[in-house]
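Participant: Structure for the following, please:
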Amino acid sequence: MIPQIHFQSASRFKVSSERIKRQFPDVKFFFSLIVWRIPFIKRKERALAAASSISDLAKIAKKKVPRSVYDYVEGSALDEIGIARSHEAFTRIEYNPRVLTDVSSIDTSTKIHGKSVSLPIIFAPTGYTRMMHYSGESAVARVAAANNLIYFAFDNGNYIS
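Facilitator: Residues are numbered from 1 along each chain as shown. You can find the predicted model right below:
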């Protein structure tokens, strides 16, 4: 028998010699704790599904993309002042969850310079977009047009058809 200790106050306690009944977990409860899903056959899909941040995606890209291309995309100009400012700005953003808020009909549309858009997102030219995809800037322009978003093209970009 395993003695049980019952604390009655900070200074005194009572020892009981009652036996503790051993219980096994309910099978339904046990299986509810397990997340069942079909495993990914392809390694790339599995890695992308497991990525939870931009840093995770950058680690995957570093393994898959040629080094010169990765360095161009991941790097920044001069003393990397612009990227440092961007990182600093994003660290000031905080997530403020609202519990029990109705999200069944959310409208993300807004106006940017007088044009109604679906999301407050603007695609900016990056240059050398074809290093990442054979369509280059034309693919970005098509995605922006299909989703009612703004895309700024510049005169030095790849041909947009």
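Participant: How many residues are close by residue 150?
Facilitator: Around residue 150 there are 16 other residues, counting by other Cβ atoms under 10 Å. Every C-beta, even on glycine, is put in place using the N, C-alpha and C of the backbone.
Participant: I figured it hits residue 122, correct?
Facilitator: Yes. Because the distance of 4.6 Å satisfies Cβ atoms under 8 Å, residue 150 is recorded as touching residue 122.
Participant: Spell out which residues are contacts of both of those two.
Facilitator: When contacts are counted by Cβ atoms under 8 Å, 6 or more residues apart in numbering, residue 150 and residue 122 have residue 112 as shared neighbours.
Participant: could you list every residue that touches the closest residue to residue 147 other than its chain neighbours?
Facilitator: Nearest in space to residue 147, with sequence neighbours left out and distances taken as Cβ to Cβ, 6 or more residues apart in numbering, is residue 118 at 5.8 Å. Contacts for residue 118 (Cβ under 8 Å, 6+ apart) come out as 108, 109, 147, 148, 149.
Participant: which among those gets closest to residue 131?
Facilitator: residue 149 (22.4 Å; Cβ to Cβ).
Participant: Now do the closest one against residue 143, distance only.
Facilitator: Counting by Cβ to Cβ, to the nearest Å, the gap between residue 149 and residue 143 amounts to 8 Å.
Participant: Residue 24 now?
Facilitator: 54 Å.
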